[in-house]
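**Student:** A predicted structure for the sequence below; I have some questions about it.
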Number of protein chains: 2
Amino acid sequence: MYRLIAQDGCAKRGSFETVHGTIQTPVFMNVGTVGAIKGAVSTDDLKTLGTQVQLSNTYHLHVRTGDKLIKQFGGLHKFMVWDRPILTDSGGFQVFSLAGLRKIKEEGVYFQSHIDGHHIFMGPEESMEIQSNLGSTIAMAFDECPSSVAEKEYIQESVDRTTRWLERCKVKMAQLNAREDTVNPRQMLFGINQGGIYEDIRIEHAKRIAQMDLDGYAVGGLAVGESHEEMYRILDATVPYLPVDKPTYLMGVGTPANILEAVDRGVDFFDCVYPSRNGRHGHVYTKHGKINLFNKKHELDHRPIEEGCGCPACRSYSRAYIRHLLKAKEMLGMRLCVLHNLYFYNHLMEQIRDAIEEHRYKSFKKSMLEGFLSPEE
Amino acid sequence: MYRLIAQDGCAKRGSFETVHGTIQTPVFMNVGTVGAIKGAVSTDDLKTLGTQVQLSNTYHLHVRTGDKLIKQFGGLHKFMVWDRPILTDSGGFQVFSLAGLRKIKEEGVYFQSHIDGHHIFMGPEESMEIQSNLGSTIAMAFDECPSSVAEKEYIQESVDRTTRWLERCKVKMAQLNAREDTVNPRQMLFGINQGGIYEDIRIEHAKRIAQMDLDGYAVGGLAVGESHEEMYRILDATVPYLPVDKPTYLMGVGTPANILEAVDRGVDFFDCVYPSRNGRHGHVYTKHGKINLFNKKHELDHRPIEEGCGCPACRSYSRAYIRHLLKAKEMLGMRLCVLHNLYFYNHLMEQIRDAIEEHRYKSFKKSMLEGFLSPEE
């Protein structure tokens, strides 16, 4: 399913065939928490922006509209009208970061809904069942994402449990895919590497899950408080132990610079809320770094956010107008910034793919990173 | 400039030539308070929705970004990237409804900004100057819109002052249009009929302003608390005294039924915040009346808001999905509802124009009104 088209150093240029079409990697997945990108962006818009994969949050869809209702509707693709791939997370990260009082046991996690406080249990089987109900293209394994400052002893214990959970996920997913009423009988499963900032635990875990012949492998539990240097060090140590002929997904990362560095270390799937979250706050990406449209110097700025950018915001509107909308708290201001930022990320990935194919990735990365640090005139 | 294409009873089908293109009437103007339609709708979207005229609020643009800055930018058309007609209100209505402590004098109105409380004076000359800075296609006269429950004596006094203000507006607008640095040297001025619910004052005032040879005439001060029957009675009495060969604009009205009735009484310009405001609350228009998408019965409703509707929401998305977005407080839910409602209004006006041209307006109106009252199966 995964085909390695080119390699340039450790950087991978691949194509990943799914039941919902082929993904060209490296790819940035656009995050739609509850089945919509925040900032009034629709799936129709995503097509305009060149989005290949949409990421939906299992936990939010479970506690809000309900995965059973979405299954009844015909699955998430039909519900949000998106025929390209969707990756769903396991719900675990939200359980660990959002939910109230929680207890982690061998069978799974007991917690309270962040909406109405009602008691929920989620274990590997429940997570797989919810993701199966949603019928996403790619399901993520249910794992524990321990605090980055947890003791090494706890991390080891947690990683061992996560491995046992992964085995249960694999068994359950096979059962669900075989069910007659399943939404997507060819749903895929990605495993997640954990181990905090401990290289030995990370490597040991990577070796164990690599043997399980999953559809793809993620590196989880990074970008949760450690420094960028630590993140790169963990990637340097861990990625070589994950199968090169499978997708390598760095969860929740990151800035354009993070992505450029991680691609150089063999990662080819990304997701992050930065482009939409920053956009909603008027922070927009350009090849000269991020700019803040609230800045008074843009008050009469006739230029688009970025000259030559093909996004719907830059094709029509000036910085001055978007700034005015943001200051007047008009939703349109946020929408235009989010459209631009998502386009920027998707376009960056396209440039990355070209650079790897043409074996000039190192120099491309260098020139991009230099550009981010040199403010426009 | 105004050409009467057809009449069917009192209903007028006209075309109104402006420096920014020709307006086909009856027309519904889409309200963009601060230079954007609320609900994350852009001027690019407005073209998709068939919007002919965009209405902007002078008061909001004056106190927020500032009309002087917009003039420096090249005017409102350039600022919000809209090459079709824009009508600006006078700012008067907002001064009377939003602003803090205000004092009405012969020279104009003293009031406080609703944003930071600073003291502002606005009279006919100031209103014309601000609208000239914005460079709208059509400027509205600065008038007083007295409370609908005001004493008759006060209404008469107020209407007399409004007439004197109108004369000053006309003089000032001519001066501003002649200035070398003016944004739009062919800016037009509409006068506004007032008189509360008193037919004799309304008629007397209509006669006086009709003699002033303005570019168009509005009926103001309605839809501010009186009943629909009173509104129709005032239109029946007043509209015959306004020039039939000029645009007739009923300000701030209204529901689809109100529009159908007012067209039948000779009105051919409308504006109202209902479609965008209702859309933001999940209330959407259909030929079977307004429906509330928050209603649980739409939870699994695969249908679009309206079968056969050509709007961007109905072309792609189901009621169930839009309901989910609204309940999850995703901006996209509001945006889709607002897009639908504006399209519905614009499409209604198109049907109205066809019906008048084909001299079947009475039966069209009847069948539409009956439809609104018969819920879908």
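**Tutor:** On my side now, so go ahead.
**Student:** Please name the nearest non-neighbouring residue to A:Asn295.
**Tutor:** A:Arg323 (7.9 Å; C-beta to C-beta, 6 or more residues apart in numbering or on different chains). Where you see a C-beta, it was placed from the backbone N, CA and C, and this is true even at glycine.
**Student:** Report the contact partners of that neighbour.
**Tutor:** Going by C-beta atoms under 8 Å, 6 or more residues apart in numbering or on different chains, A:Arg323 touches A:Gly282, A:Leu293, A:Phe294, A:Asn295, A:His298, A:Glu299, A:Asp301, A:Gly333.
**Student:** List buried residues within the residues you listed.
**Tutor:** When the contacts of A:Arg323 are checked for burial by 16 or more other C-beta atoms under 10 Å in any protein chain shown, the buried set is A:Gly282, A:Leu293, A:His298, A:Glu299, A:Asp301, A:Gly333.
**Student:** Of all residues in the stretch 1-150 of chain A, which one is closest to chain B?
**Tutor:** Going by C-beta to the nearest C-beta, chain B is nearest to A:Ala40 of the stretch 1-150 of chain A, at 3.8 Å.
**Student:** ok so, going back, the buried ones among the contacts of A:Arg323 also near chain B: which ones?
**Tutor:** Among the buried ones among the contacts of A:Arg323, the ones lying near chain B by C-beta under 8 Å from any C-beta of the partner chain are A:Glu299, A:Gly333.
**Student:** Strands - which of the buried ones among the contacts of A:Arg323 land there?
**Tutor:** Assigned to strands by DSSP state E, none of these qualify.
**Student:** Would you convert the buried ones among the contacts of A:Arg323 into CSV that also reports pLDDT?
**Tutor:** Below are the buried ones among the contacts of A:Arg323 laid out as CSV (pLDDT from 0 to 100):
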residue, pLDDT
A:Gly282, 97
A:Leu293, 98
A:His298, 96
A:Glu299, 95
A:Asp301, 97
A:Gly333, 96
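**Student:** of all the buried ones among the contacts of A:Arg323, which comes closest to chain B?
**Tutor:** A:Glu299 (6.6 Å).
**Student:** just checking, that closest one touches A:Ala320?
**Tutor:** Yes: using C-beta atoms under 8 Å, A:Glu299 is in contact with A:Ala320, at 6.1 Å.
**Student:** What is the burial count for A:Gly289?
**Tutor:** Close neighbours of A:Gly289, defined as other C-beta atoms under 10 Å in any protein chain shown, add up to 14.
**Student:** what secondary structure does A:His324 sit in?
**Tutor:** Under DSSP: H, G, I helix; E, B strand; the rest coil, A:His324 falls in the helix class.
**Student:** ok, and the closest non-adjacent residue to it?
**Tutor:** Per C-beta to C-beta, 6+ apart, closest to A:His324 is B:Thr65, 4.5 Å.
**Student:** Any idea how many residues pack against the one you found?
**Tutor:** Neighbours around B:Thr65, by other C-beta under 10 Å: 22.
**Student:** Surely it touches A:Lys327?
**Tutor:** Yes: contact criterion C-beta under 8 Å: B:Thr65 and A:Lys327 qualify, at 7.2 Å.
**Student:** Now do the domain split for chain A, please.
**Tutor:** Partitioning chain A according to automatic domain parsing yields domains covering residues A:2-272, A:282-373.
**Student:** between those domains, which gets nearest to B:Glu358?
**Tutor:** Among those, domain A:2-272 comes nearest to B:Glu358, with 34.9 Å by C-beta to C-beta.
**Student:** Next to chain B, which bits of the stretch 51-200 of chain A? Give me the list.
**Tutor:** A:His60, A:Arg64, A:Thr65, A:Leu69, A:Gln72, A:Phe73, A:Phe79, A:Met80, A:Val81.
**Student:** check contacts around the fourth one.
**Tutor:** The reference is to A:Leu69. Per C-beta under 8 Å, 6+ apart, neighbours of A:Leu69: B:Glu299, B:Leu300.
**Student:** Which of the three states applies to it?
**Tutor:** helix.
**Student:** Any idea how many residues pack against A:Thr238?
**Tutor:** Around A:Thr238 there are 24 residues (other C-beta under 10 Å).
**Student:** Run the chain-centre distance for the lowest-mean-pLDDT helix or strand in chain A.
**Tutor:** Across the helices and strands of chain A, mean pLDDT, DSSP states H and E gives its lowest value to helix A:92-97, namely a mean of 77. Offset of helix A:92-97 from its chain centre (C-alpha atoms, centre = their mean, to the nearest Å): 15 Å.
**Student:** tell me what that helix is packed against?
**Tutor:** Here helix A:92-97 touches helix A:58-63, strand A:108-112, going by 3 or more C-beta pairs under 8 Å, 6 or more residues apart in numbering or on different chains; DSSP states H and E.
**Student:** who's the residue minimising distance to the centre of chain A bridged to?
**Tutor:** Nearest to the mean C-alpha position of chain A, counting by C-alpha atoms, centre = their mean, stands A:Asp271 at 2.1 Å. Per DSSP bridges, the residues bridged to A:Asp271 are A:Met29.
**Student:** That one reaches A:Gly252, doesn't it?
**Tutor:** Yes: here A:Asp271 reaches A:Gly252: they are 6.6 Å apart, a contact under C-beta under 8 Å.
**Student:** Okay, and the beta partners of the residue lying closest to A:Gly123 once chain neighbours are set aside?
**Tutor:** Distance criterion C-beta to C-beta, 6+ apart; nearest residue to A:Gly123, sequence neighbours excluded, is A:Gly108 at 2.3 Å. Bridge pairing for A:Gly108 (DSSP bridges) gives the partners A:Lys105.
**Student:** show me the contacts for A:Gly108.
**Tutor:** A:Gly108 makes contact with A:Phe121, A:Met122, A:Gly123, A:Pro124, A:Glu125, A:Glu126, A:Phe142, A:Trp165, according to C-beta under 8 Å, 6+ apart.
**Student:** distance of the second one from A:Thr48?
**Tutor:** This means A:Met122. 35 Å (C-beta to C-beta, to the nearest Å).
**Student:** Of these two, which one has the most company?
**Tutor:** Between A:Met122 and A:Thr48, counted using other C-beta under 10 Å, the more crowded position is A:Met122 (24 against 15).
**Student:** Could you pull up phi and psi at that one?
**Tutor:** Main-chain torsions, A:Met122, degrees, to the nearest 10: phi -140, psi 120.
**Student:** and what of the one 5 residues further on?
**Tutor:** Backbone dihedrals for A:Ser127, given as degrees, to the nearest 10, come out at phi -60, psi -40.
**Student:** Ok, A:Phe121 next?
**Tutor:** Torsion angles, degrees, to the nearest 10, at A:Phe121: phi -120, psi 130.
**Student:** The residue in the stretch 251-377 of chain A that chain B sits nearest to: what's it in contact with?
**Tutor:** At 3.8 Å from chain B, A:Met331 is the closest residue in the stretch 251-377 of chain A, using C-beta to the nearest C-beta. Residues near A:Met331 by C-beta under 8 Å, 6+ apart: A:Ala40, B:Lys38, B:Gly39, B:Ala40, B:Met331, B:Met334, B:Arg335.
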